[in-house]
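> Generate a structure from the sequence data that follows.
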Amino acid sequence: MFILVSGASGSGKSTIIKEILKHFDKNIALLPSSTSRKIRPGEIEGENYYYLTKEEFEDAIKNGEFIEYQKVFENGNYYGVSRNRYNDYSKKYPLLIKDVDVLGVENIKKEDDIDTLSIYIDVGDDEELRKRLINRGDDLKDIELRIKRKRFEDGYKNKYDYIVLNDDIEKAILKTKKIIEKEIEKRSKK
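Below is the predicted model:
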């Protein structure tokens, strides 16, 4: 099962994913993306990303090597899910999890041979998100861009299998764990 997690920046996705990885331990892996952006100091190839040049990424697109990919227009970088990496990881782990944007989720769900579970982490209203982003130290200009992006992403949330309201991180983590456990059980009966 490929667990696709989406939500606004600041919604708690990363915290929830980290706890899900701990909870399901050896049965789950975070599927790293490929990107054309430069590696940052302290990042390790293969942990969150595999780094390609822009030319390598575009060649991979032409060769159909991605399940889905997006070009982020703000910075011109590509991000995508490698088909081969998905296949390799899914042979080793019964569960894969990934933070994917709303457009990426739509594309992945179109793949007939991929068993997806989509979960949207909802932060509630814009003011709650604004508070969280201020508290984590985001720049005011970035906050307004993220609020605008949240409104766009919220327009897709009803297309998800589940919506988890994160007004309390511990409750949101617990609810997400229960959803995954329920879906594992449902699939084991097929």
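
> and residue 71, what helix or strand is that in?
Using DSSP states H and E, residue 71 sits within strand 66-72.

> for this structure, which spans come out with low pLDDT?
73-74 (pLDDT under 70).

> Do a quick rundown of the strands in it.
Taking DSSP state E as the criterion, the chain carries its strands at 2-7, 28-30, 33-35, 49-51, 66-72, 77-82, 95-99, 116-122, 162-165.

> if we look at the first one, which residues are touching it?
The reference is to strand 2-7. Residues outside strand 2-7 that contact it (C-beta atoms under 8 Å, 6 or more residues apart in numbering): 13, 16-17, 20, 31, 86, 90, 95-102, 104-105, 108-109, 114-123, 153, 156, 160, 166, 180. Yep, even glycine has a C-beta here, placed from its N, CA and C like the rest.

> How far off centre is that strand?
5 Å (C-alpha atoms, centre = their mean, to the nearest Å).

> which neighbours does that strand have in its sheet, and in what orientation?
Strand pairing for strand 2-7, determined by DSSP bridges: strand 95-99 (parallel), strand 116-122 (parallel).

> Same check on the fourth one?
According to DSSP bridges, strand 49-51 forms sheet pairs with strand 33-35 (parallel).

> tell me which residues of the strand it pairs with are tucked away?
33-35 (16 or more other C-beta atoms under 10 Å).

> Then stretch 71-81?
Quick answer for stretch 71-81 (16+ other C-beta under 10 Å): 78-81.

> Show me the two of the residues you listed that sit farthest apart.
Among those, the pair separated by the greatest distance (C-beta to C-beta) is 78 and 81, at 11.4 Å.

> anything in contact with each of these two?
By C-beta under 8 Å, 6+ apart, the residues touching both residue 78 and residue 81 are 34, 69.

> Centre of the chain to stretch 138-154, how far?
That offset, for stretch 138-154, works out to 17 Å (C-alpha atoms, centre = their mean).

> Next one: the most centrally placed residue in the chain from residue 15, what distance?
The chain has residue 99 as the residue nearest its centroid, 1.0 Å off, counting by C-alpha atoms, centre = their mean. The gap separating residue 99 from residue 15 is 11 Å, by C-beta to C-beta, to the nearest Å.

> re the thing from before, which parts of the strand holding residue 71 count as buried, going by neighbours?
Buried residues in strand 66-72 (16+ other C-beta under 10 Å): 66-70.

> Just want the angle from that strand to strand 2-7.
Here the directions of strand 66-72 and strand 2-7 differ by 20 degrees (axes from the mean of the first three to the mean of the last three C-alpha atoms, to 10 degrees).
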